[in-house]
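Asks: here is a sequence together with a model predicted from it:
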Amino acid sequence: MYREYLDSGKTPGEIYAPDRVLPQGETPFRDEYEEYIREYPGRGTLKVQISVARGAFPLKNVLVDVSQIYRGVRYSLYNDVTDISGIVDNMVLPARSLESTLNFESSQIPEAEYLVTVFHPDFREMSDCTVVIHDKTETILPISLVPLTGERENG
């Protein structure tokens, strides 16, 4: 399916299963969304940088999927492919508010954790890399992929 995407010139939403891509402005949480937003009113952004050879070479056309497990259900929030710089960015995600991180009483609310999975057919898939998003902060997640040829990067 990935090769079909690369050869087609289409967007990921036109190729990948409809349950993994949401129409613009629609939430994956449906009924749970309002409750989740009240619990996590802050907003932070995520940038994912994919490379090979210990960050020496950016890798384009890598599928990046950002999801979250909320109340035992996995929700896919974003999926896109990296650009020529190996980057997918401007993913705005809910987070604990800055005020709640400074207040001891509200520290019972856990940090907003997301799972990042990256896929390219020529490299070993990285599944469920955990990233924490903080309010008013851009989080950068660098990932270096390992080729499927059996050679490993030292590091």
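Replies: Good, I have the coordinates.
Asks: ok, what's across the strand from Val64?
Replies: Per DSSP bridges, the residues bridged to Val64 are Asp80, Val118.
Asks: distance of it from His134?
Replies: For Val64, the distance to His134 equals 20 Å [CB to CB, to the nearest Å]. No exception for glycine: its C-beta is placed from N, CA and C like everyone else's.
Asks: do Val66 as well
Replies: As judged by CB to CB, Val66 and His134 stand 15 Å apart.
Asks: returning to what we had before: so which of Val64 and His134 has more stuff around it?
Replies: Val64 (26 against 17; other CB atoms under 10 Å).
Asks: tell me the SS of Ile37?
Replies: Following DSSP: H, G, I helix; E, B strand; the rest coil, the label given to Ile37 is helix.
Asks: how near is it to Pro94?
Replies: In terms of CB to CB, Ile37 sits 6 Å off from Pro94.
Asks: okay, the two: which has more neighbours?
Replies: Legend: neighbour count by other CB under 10 Å for Ile37 and Pro94, higher for Pro94 (21 against 12).
Asks: that's a strand at the more buried one, yeah?
Replies: Yes. Residue state for Pro94 (three-state DSSP) corresponds to a strand.
Asks: beta partners for it?
Replies: Arg43.
Asks: next up, the contacts around it.
Replies: Contact partners of Pro94, counting by CB atoms under 8 Å, 6 or more residues apart in numbering, are Tyr36, Ile37, Tyr40, Pro41, Gly42, Arg43, Ala112, Ile133.
Asks: mind listing what Ile84 touches?
Replies: By CB under 8 Å, 6+ apart, the residues touching Ile84 are Pro58, Lys60.
Asks: that one is in what secondary structure piece?
Replies: Per DSSP states H and E, Ile84 falls between elements, in no helix or strand.
Asks: confidence score at it?
Replies: At Ile84, the model reports a pLDDT of 94.
Asks: can you check Pro121 too?
Replies: Predicted confidence (pLDDT) for Pro121: 90.
Asks: quick check: Tyr78 touching Asp89?
Replies: No. Judged on CB atoms under 8 Å, Tyr78 makes no contact with Asp89 at a distance of 10.5 Å.
Asks: which one of these two has more residues nearby?
Replies: For Tyr78 versus Asp89, neighbours defined as other CB under 10 Å are more numerous around Tyr78 (21 against 16).
Asks: so what's the more buried one closest to, chain neighbours aside?
Replies: Distances taken as CB to CB, 6 or more residues apart in numbering put Val66 closest to Tyr78, at 4.3 Å, once the chain neighbours are dropped.
Asks: sounds good, over and out.
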